[in-house]
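Enquirer: the following block contains a protein sequence and its predicted model.
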Amino acid sequence: MHSTFALLDWVVIGLYTLVLFAGGWLFRPRRAESTRDYFLAGGTIPAWMAAISVLSATQSAATFLGGPDYGFRNDYTYLSGNIGGLIGALFVAKFLIPRFYAIRATTVYELLEVRFSRRAMRAAGLMFLVGRVFAGGARVYLAAIAVAMVMFASVDASGIVIAAALVMIAAFAFTFAGGLRSVILNDLIQFVVYVGAALAVLVWLWTSIPAPTSAIIEGLKHSPGGIDKLRLFDWSTDPAKPFAMPAVIFGVSLLYIASTGTDQDVTQRLLASKDAKTGVRGLILSLFATLPVVFMFITIGLLLHVVYQRPELMGGRVLTLGSTFEGQKISTFMHYILTQLPPGLRGLVTAGVFAAAIATTNSALNAMSSVMVQDFYRPWKDRRGGAEERHFVRAGRWGMALAGLAMFGFAVLSFYWQRASDKPLLEFALQVMVFAYAGLLGVYFTALFSRRGSTGSVIAALIAGFVTVACCQPYLVSALHLPQWLGTIAFPWQLCLGTAVATLVCLAPPGGKEQA
């Protein structure tokens, strides 16, 4: 391996590293004395900080690289997904966050213990852990590809392992000592870095286009083939389009309900405030803060479309787009980073990829650890005489180490998995949690709006939701000779179908609170 970095790139990366360590030192929290301190920051997080942390947790390297790629290939319709986000946020604010605070929950799955049983709580927690290892590991791998390409000019196994290890070590280092408080404070740093990097690329791209702003806007509005790349709403009823308005209203709203109400990784931040009203404000603020950030990443993609495909706006000469890098499929944005960015800015963008990956990874580590300790280890320990709170804080740190190893292992495994699959990893990283979300939504809808269900039906619903979504994947449709239309529907409709099946399964038996 050899580095393609110039000296100025290494200086930028060095400064970024210094900022990370300085932030970790200056923002180091007081010693965590209890699991509430460690996993929920003692309930002291203000709404604005919770909002930034939620935004950092959800804007992964998949967004950093996938947002521009979406804009390059499509338009602004991805932004319309925030309508579904608003619907989902209002649901979570009304029905879930108040209930979590009422039972003083550390994890969102404790609600299922109150409604059903401890076994039901553990089953939901296990579904979350499996889904988060896959989704988190895939995102780490995606970041590792970008980092290895830029730093080592290589995407071989050794480069991926080193890059993935760097991401995991950095995420673990800034989460280990102080728990969620460290995560949230460092999320602020990561947010500034990756948004700053994206903004710098946006300005560089804009100034590299010789056409005036009015001509760029008009050219995007009337792209070849009569395509309007400035389109915000897609009113079609095509089930293959994930961001057509019917899919947004029904499927994307379910996705937001799941991610902010049943996914410990995100919801944990909303439970770290002093009360439910503050948590709700953090949720709503995060939704509105998402708009300008995602708008910026998609706009980068639209400008990439100009510099690679619109000679009339580029003075008759466009850049040549390569589709592979040493056999590795890459996005248009990665190609631009590798071939067009000057020293210094290339280092800043690499730091941005790191920041996006670290912000997502450290949140996943803390969330997974909280579920392992609070929903699995603490009940087991309590049945054997219990222990002091400090013991469970130490257990939380060990839990993060186990979660980190699992995510790192899947990230490395993904290097080989992608070469044996026709499905792009970016698509997998964005959709993989749908497998877990379908069953979780069915279980929570049953718990909230009925008196039916049992531990057995909860477990069956989680499995049914997972299997239903799996049966919508093209390779299983062909292998099992299922109706072909199942393999063509976009992931929001897959989530709708999986949630409906899981809800019916969970509702099947009569209700009643059971013993663990």
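Expert: Received it, and whenever you're ready, just let me know what you need.

Enquirer: show me the helices in the stretch 151-300 of the chain, by range?
Expert: 157-173, 180-208, 213-221, 245-247, 253-261, 264-270, 276-309 (DSSP state H, counting those that start in this stretch).

Enquirer: report pLDDT for residue 171.
Expert: pLDDT recorded at residue 171 is 73.

Enquirer: what's the burial count for it?
Expert: 29 (other CB atoms under 10 Å). C-beta here means a position set from N, CA and C on the backbone, and glycine is covered the same way.

Enquirer: equivalent analysis for residue 456, please.
Expert: Neighbours of residue 456 (other CB under 10 Å): 17.

Enquirer: output the contacting helices and strands for the helix or strand containing it.
Expert: Secondary structure assignment for residue 456, by DSSP states H and E: helix 455-470. When contacts are defined as 3 or more CB pairs under 8 Å, 6 or more residues apart in numbering; DSSP states H and E, helix 455-470 sits against helix 118-152, helix 433-449, helix 491-507.

Enquirer: okay, the angle between it and helix 118-152?
Expert: 30 degrees (axes from the mean of the first three to the mean of the last three CA atoms, to 10 degrees).

Enquirer: run through who's touching helix 455-470.
Expert: 112, 116-117, 119-120, 123-124, 127, 434-443, 446, 476, 494-495, 497-499, 501-503, 505-509, 514 (CB atoms under 8 Å, 6 or more residues apart in numbering).

Enquirer: give me the buried entries from those residues.
Expert: Among the contacts of helix 455-470, those classed as buried by 16 or more other CB atoms under 10 Å are 112, 116-117, 119-120, 123-124, 127, 434-443, 446, 494-495, 497-499, 501-503, 505-507.

Enquirer: if we can go back for a sec, so which of the helices of the stretch 151-300 of the chain is nearest residue 472?
Expert: helix 245-247 (13.6 Å; CB to CB).

Enquirer: ok, and what's touching the closest one?
Expert: So helix 245-247 is contacted by 80, 83, 233-235, 237, 239, 241, 490, 492-493 (CB under 8 Å, 6+ apart).

Enquirer: where in the stretch 101-250 of the chain is pLDDT low?
Expert: 153-154, 173-183, 185 (pLDDT under 70).

Enquirer: could you tell me the per-residue confidence at the residue nearest in space to the middle of the chain?
Expert: Residue closest to the mean C-alpha point of the chain, counted by CA atoms, centre = their mean, is residue 58 at 4.1 Å. pLDDT for residue 58: 73.

Enquirer: excluding residues flanking it in the chain, which one is nearest it?
Expert: residue 266 (6.5 Å; CB to CB, 6 or more residues apart in numbering).

Enquirer: neighbours of that neighbour, how many?
Expert: Residues near residue 266, counting by other CB under 10 Å: 24.

Enquirer: closest to residue 196 among the contacts of helix 245-247?
Expert: The closest of the contacts of helix 245-247, once distances to residue 196 are taken by CB to CB, is residue 80, at 26.4 Å.

Enquirer: so that closest one sits against residue 241, correct?
Expert: No: assessed by CB atoms under 8 Å, residue 80 is found out of contact with residue 241, at 11.1 Å.

Enquirer: endpoints of stretch 88-106, how far apart?
Expert: 22 Å (CA to CA, to the nearest Å).

Enquirer: okay, the helices and strands packed on helix 455-470 in TSV with distance to residue 205 next?
Expert: Compiled in TSV, the helices and strands packed on helix 455-470 are given as follows (distance: least, CB to CB, whole Å):
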stretch	distance to residue 205
helix 118-152	17
helix 433-449	31
helix 491-507	29
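
Enquirer: so which of the ones you listed is nearest residue 301?
Expert: helix 118-152 (15.6 Å).

Enquirer: in the closest one, which residues are buried?
Expert: So for helix 118-152, counting by 16+ other CB under 10 Å, buried means 118-129, 131-152.

Enquirer: circling back: now do the contacts for the residue nearest to the centre of the chain.
Expert: Here residue 58 is in contact with 259, 266, 286, 290, 360 (CB under 8 Å, 6+ apart).

Enquirer: residues in contact with stretch 192-209?
Expert: 16, 19, 59, 64, 216, 293, 296-297, 299-300, 303-304, 306-307, 313-314, 341, 345, 348-349, 351-356, 359.
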